[in-house]
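J.: this is the structure alone, sequence omitted:
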């Protein structure tokens, strides 16, 4: 492999995000093989749409995980549910309230992020416990606020979230824009350096003048705001907020970070890989469903595939 | 007032009919609901029905208290601890919607040994000392295929949307659907996904499997997933199959709109969340000394083409079709089982 005659190709293969995209492509082809190539466009559109949700929450989770061991945001599902519930109830299907509803959802994210950070900072609770216990609070607030009733989104908003721009789903456009901005922040800005420094060695970062607490606060707030935004989009997309709407995004948000080639130990993140991981998570499940595997086999194979990709990506990372 | 009058009549009747065993009065009895999960619209409606009926019963002096406790994590261990606390708190009856049919048996046995009446419903427990108000989930699955057979005599391809993997309700409904397909072999299940009883999860799973599927004639579901399936199929631009619905308001609304637009016909069936109130009255009857068989069955709540408008009107926006059971309903169910 190291003696490949195509140096450019080798360069791509050694990128940590390569394996996630390669596996996604394989899963895509395997699914189409079953239907003799029918429905390719349909599957791609569905993958791009649903991967957008995973990608946006995954990017937030990636910022947090980059901070280093012990940093993870377990309140993502509850924040999504709370933001979706409050925003949709507030809008009540009125077109004129779409923007205020969005602002409300983002404000919920802002509040949740600040609350999570304060628990970690002031009460010195480990982030895993802090975000988990806060999530019970958010979930209870969501239950109390609307008792699980599904309020329909405004027609215009529902059409927008399910619509497409020259063949690309609107959600994907939003997801890619967020990814690009995150990539610039992480790779090209001082703040991005600070996050990496925090994750690699917090003490060294503090001693060299990095405002570590500000970095941590902004990171947790970004994660919560992105989760709230996803909750708003998902609720509008699926015809209303439900109390259990965020549940599966806890595992997905962490999985896409790991599959995408970010270091689970922190200090090293990878934005393109998030999209690779998000596409893979959807395509693998679709492939296994299409082949008619039962739930048990499906979970085992999903786990095996994740492990294989993480192993492949980290192995390549070392040799490079 | 009405219930009170009925109750007094019932009590009077009971006194005359079964003079020895039914003399007990339940006015000082304390009933608790042990609930394992509250995170969806069905459970929220269940809790609300319980509150409505329970509060009224307390107000009327039928029972002393009708408290509700919900565990936060939907774990059997947590619920077992909760039941043990209820034993210590001295409740006379515990009504339980269980996280597991077997894992709570130890705690339930402890409660029985302490002289507490335990009535399980929806999520039932297998411990013999407890009463069970079971839902015939198998039949719920079978009837869906039976209905499709009545609509599509030539059969066709079916897509099955299952619930949460590993939960016994999912296995039961699935078994019923397989039974139905065996009974009507012109149907073939060509795809199966897990929708976790959530519209957004079902939507995602169906969107993923749809491209590889042939034409679909019908979709069999478990409730809370029909609207998501309809949206995914609509987004893929396919012809709309007959999707059996699960009584959720958004499903019924979609159905009514499709009916008005192109005469869409289907069936909707599920269990009314008010089944909790049936369990409440059964517990009250047991405390009252009535002779109640251990195994009772709740009827399905079906919405058909004819009753759609009525059901839709009676269901709050975003909720699920519901009925609250009365003491007389409970007596009817008990009589049916005897």
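T.: Right, received. Where do you want to start? As the structure is a prediction and not an experimental result, all values here were calculated from the model.
J.: only C-alpha atoms from now on, for both contacts and neighbour counts.
T.: Noted.
J.: could you report the separation of the residue most central in space within chain B from residue B:278?
T.: Centroid-nearest residue in chain B, with CA atoms, centre = their mean: residue B:271, separated by 3.5 Å. As judged by CA to CA, to the nearest Å, residue B:271 and residue B:278 stand 12 Å apart.
J.: for residue B:253, same thing?
T.: Counting by CA to CA - residue B:253 and residue B:278 are separated by 27 Å.
J.: out of these two, which sits in the more crowded spot?
T.: residue B:278 (26 against 19; other CA atoms under 10 Å in any protein chain shown).
J.: what are the ranges of the helices in the stretch 1-150 of chain B?
T.: Assigned by DSSP state H, counting those that start in this stretch, the helices in the stretch 1-150 of chain B fall at B:2-17, B:41-59, B:76-89, B:105-113, B:137-151.
J.: which residues touch the fourth one?
T.: This points to helix B:105-113. B:80, B:81, B:83, B:84, B:87, B:117, B:118, B:125, B:126, B:127, B:129, B:130 (CA atoms under 8 Å, 6 or more residues apart in numbering or on different chains).
J.: distance check, the second one against residue B:75.
T.: Distance of residue B:81 to residue B:75, given as CA to CA: 10 Å.
J.: go on, the last one?
T.: According to CA to CA, residue B:130 stands 20 Å off from residue B:75.
J.: the two: who's more crowded?
T.: Set residue B:130 next to residue B:75 and count neighbours by other CA under 10 Å: residue B:130 wins out with 24 against 15.
J.: hang on, the more buried one packs against residue B:124?
T.: No - taking contacts as CA atoms under 8 Å, residue B:130 lies outside contact range of residue B:124: 9.1 Å.
J.: and the host helix or strand of residue A:282, what other elements does it pack with?
T.: Per DSSP states H and E: residue A:282 is located in helix A:271-290. With contacts taken as 3 or more CA pairs under 8 Å, 6 or more residues apart in numbering or on different chains; DSSP states H and E, helix A:271-290 sits against helix A:18-34, helix A:40-66, helix A:170-188, helix A:249-259, helix A:295-319, strand B:187-194, helix B:199-209.
J.: now it: buried residues?
T.: For helix A:271-290, the neighbour count (16 or more other CA atoms under 10 Å in any protein chain shown) marks A:271-290 as buried.
J.: repeat for stretch A:12-24
T.: A:13, A:14, A:15, A:16, A:17, A:18, A:19, A:20, A:21, A:23, A:24.
J.: tell me the angle the helix or strand where residue A:156 lies makes with helix A:40-66.
T.: Secondary structure assigned from DSSP H and E places residue A:156 in helix A:155-162. Interaxial angle of helix A:155-162 relative to helix A:40-66 (axes from the mean of the first three to the mean of the last three CA atoms, to 10 degrees): 90 degrees.
J.: starting at the chain centroid, how far to helix A:155-162?
T.: Relative to the centre of its chain, helix A:155-162 is centred 21 Å away, using CA atoms, centre = their mean, to the nearest Å.
J.: which residues touch the helix or strand following it?
T.: Once helix A:155-162 ends, the next helix or strand along the chain (criterion: DSSP H and E) is strand A:164-165. Identification of contacts with strand A:164-165 by CA under 8 Å, 6+ apart yields A:170, A:171.
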